[in-house]
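1. Need coordinates for the below:
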Amino acid sequence: QVSITIIEARQLVGLNMDPVVCVEVGEEKKYTSMKESTNCPYYNEIGFYAVFSVQSKYTFAALDFQVIHSKNLLRSGTLVGSFKMDVGTVYTQPEHQFYHKWAILSDPEDLTAGLKGYLKCDIAVVGKGDNIKT
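-> All right, here's what the predicted structure looks like:
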């Protein structure tokens, strides 16, 4: 099981931002609420879960985080920045989690464009028989 808490974002590139965070785990995609007119939104939103039945499958599943500037409820907006990692990277960490870690957002289409902001989140991966730390 994968649990993700989006805490906040900082120094997002752009003016008059209405940022939304999109989290994709495997084939499941979920969104945070939209925060209006801020480059430093605070979310503290929990509830991004995905369950995989085979350990080797979740080891290679991708975690894709995207910050989107959204002006409408359909969430079709402009990509501010993103980062990706795999579930196995989190699972190999002590206690199978990243706690209050800052991720650097970049443009996946143009890696030379530089920093697009930061996203702070908690990520935990729990497998069968693992102890859960609160």
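2. mind checking how far the closest residue to residue 8 other than its chain neighbours is from residue 32?
-> Beyond its immediate neighbours in the sequence, the residue positioned closest to residue 8 (Cβ to Cβ, 6 or more residues apart in numbering) is residue 42, lying 4.6 Å away. (C-beta placed from N, C-alpha, C; glycine too.) Separation of residue 42 from residue 32 (Cβ to Cβ, to the nearest Å) stands at 11 Å.
3. the strands in the chain, which residues?
-> Under the criterion DSSP state E, the chain contains strands at 2-10, 19-25, 28-31, 42-50, 62-69, 78-86, 97-105, 117-125.
4. still on that earlier bit, thinking the residue nearest to residue 8 is in contact with residue 7, fair?
-> Yes: applying Cβ atoms under 8 Å, one finds residue 42 in contact with residue 7, separated by 7.5 Å.
5. Of residue 42 and residue 32, give the one with the bigger neighbour count.
-> Neighbour totals were compared for residue 42 and residue 32, and residue 32 leads with 20 against 13 (other Cβ atoms under 10 Å).
6. Just give the nearest non-adjacent residue to the more buried one, would you?
-> Closest to residue 32 by Cβ to Cβ, 6+ apart is residue 21, at 4.4 Å.
7. Who are the contact partners of the one you found?
-> Taking Cβ atoms under 8 Å, 6 or more residues apart in numbering, we find residue 21 in contact with 6, 9, 31-32, 43, 65-68, 119.
8. Quick check on these: which are buried?
-> In the contacts of residue 21, burial by neighbour count holds for 6, 9, 31-32, 43, 65-68, 119, counting by 16 or more other Cβ atoms under 10 Å.
9. lowest-confidence helix or strand of this structure?
-> helix 55-59 (a mean of 55; mean pLDDT, DSSP states H and E).
10. Name the spans of this protein whose pLDDT lies under the cut-off.
-> 48-60, 71-76, 132-134 (pLDDT under 70).
11. Now residue 130. Nearest residue, chain neighbours left out?
-> The spatially closest residue to residue 130, leaving aside those adjacent along the chain, is residue 96, at 6.2 Å (Cβ to Cβ, 6+ apart).
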